[in-house]
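K.L.:
turn this into a model:
(chains A and B)
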Amino acid sequence: MAGAALLGRLSWRVATVTAIVDETPRVRTLELEVQGWPGHVAGQHVDVRLTAEDGYRAERAYSLASAPGEPPVITVERLENGEVSPYLTQDVRPGDAFEVRGPIGGYFVWRPGDGGPLFLAAGGSGVAPMRAILRHRRNSRSEVRARLLYSSRTLKDVIYRAELDEDEVVHTLTRAQPPGWRGYARRVDADLLREVAWPIEDEPLAFVCGPTSFVESVAAGLVELGYAPGRIKTERFGATGGR
Amino acid sequence: MDALDGNAIGGMLFHVFGVEMTIAQAECGRCGARGPLAECEVYLGGPGVVVRCRVCNSIVMVFVEVREMMCVDRSGLSELELPASR
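P.N.:
Below you'll find the predicted structure:
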């Protein structure tokens, strides 16, 4: 192909686990050391590839949860019958290695120059790229306002609970709430978005990440509020990652 | 099976095209809808990867790997504008 020499390469690199944090009973954060890591932008992801002894390979995409300039970090939720997540959430130990390819993505990304105000909506482990964005905003001393609407099943399922700044996060717990809970207690709907999302006069920039059904309903709700479709970035994930 | 979106195949797209492709503008050959590949519907569960138009649901691209060779059918697109390589 003409110009092939100009094309980029995205090669598989060895990632070594340097630290593990148990976030919830089903979710773990892995800090990685990747030889020749070129650095990443907030919102990007990596593909993780595991190879079995018989040569069988499985790949999954995981959002980077660390800010640019920090070592690559992924947060993995264990899926029953998963091919990759059980290993990453149960078996892997510091010093173990697997292959990664990345960083990947130029759509679901945020740089301070992109402005805001930022309205971030996350369902479950969809909070991972939002952590990268919020950290990057803080590290770069950006004055862009940010608000995270974060939907979890129960309080125990809230990831990064200690790190999330209560002033910028609005929680909703969809399945069970602790006694005295003062946050929202239902799935995100149009009324909830109307109360939480920045008004359209502020020309907000929205990022929505979570399971497909969550993303569809939040994006539709934001469009209903008058958010410009071009200012709503979406990223869906699910258990159906077989490839 | 829930559809994912073009972000999920960003790595594969980069591997095939040699540039970041989730921001590539794709135009559906059936309904003419235009937007970044990241916003297309993506189905990973089958033997290949199927990309559908989010507006009219028609198949715009199919990727099948045969003996380590990636075969790409993009005949469902009337236009695919590759971003400049960086």
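
K.L.:
residues from chain B in reach of chain A?
P.N.:
With Cβ under 8 Å from any Cβ of the partner chain as the criterion, chain B meets chain A at residues B:1-8, B:10-12, B:14-15, B:17-20, B:22-23, B:36-39, B:43-45, B:49, B:83, B:85-86. All C-beta spots, glycine's among them, are computed from the backbone N, C-alpha and C.

K.L.:
which among those end up buried?
P.N.:
By neighbour count, with 16 or more other Cβ atoms under 10 Å in any protein chain shown, the residues of chain B next to chain A hold B:2-8, B:10-12, B:14-15, B:17-20, B:22-23, B:36-39, B:43-45, B:49 as buried.

K.L.:
picking that back up, from the residues of chain B next to chain A, which land in helices?
P.N.:
B:Gly10, B:Gly11, B:Met12, B:Phe14, B:His15, B:Phe17 (DSSP state H).

K.L.:
which ones are touching residue 70?
P.N.:
Because you didn't say which chain, this covers chain A. Counting by Cβ atoms under 8 Å, 6 or more residues apart in numbering or on different chains, A:Glu70 makes contact with A:Arg135.

K.L.:
you looked at the wrong chain, it should be chain B
P.N.:
Taking Cβ under 8 Å, 6+ apart, we find B:Met70 in contact with B:Met12, B:His15, B:Val16, B:Phe63, B:Val64.

K.L.:
can you redo the residues you listed as JSON lines with pLDDT and distance to A:Arg236?
P.N.:
Shown next, in JSON lines, are the contacts of B:Met70 (pLDDT from 0 to 100; distance: Cβ to Cβ, whole Å):
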{"residue": "B:Met12", "pLDDT": "95", "distance to A:Arg236": "16"}
{"residue": "B:His15", "pLDDT": "92", "distance to A:Arg236": "21"}
{"residue": "B:Val16", "pLDDT": "93", "distance to A:Arg236": "21"}
{"residue": "B:Phe63", "pLDDT": "97", "distance to A:Arg236": "18"}
{"residue": "B:Val64", "pLDDT": "96", "distance to A:Arg236": "22"}
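
K.L.:
what's the farthest-apart pair in those?
P.N.:
The most widely separated members of those, counting by Cβ to Cβ, are B:His15 and B:Val64 (14.1 Å).

K.L.:
low-confidence ranges in chain B?
P.N.:
B:85-86 (pLDDT under 70).

K.L.:
longest strand in chain A, by number of residues?
P.N.:
The longest strand of chain A (DSSP state E) is strand A:13-24.

K.L.:
which helices and strands sit right next to that strand?
P.N.:
strand A:27-34, strand A:97-104 (3 or more Cβ pairs under 8 Å, 6 or more residues apart in numbering or on different chains; DSSP states H and E).
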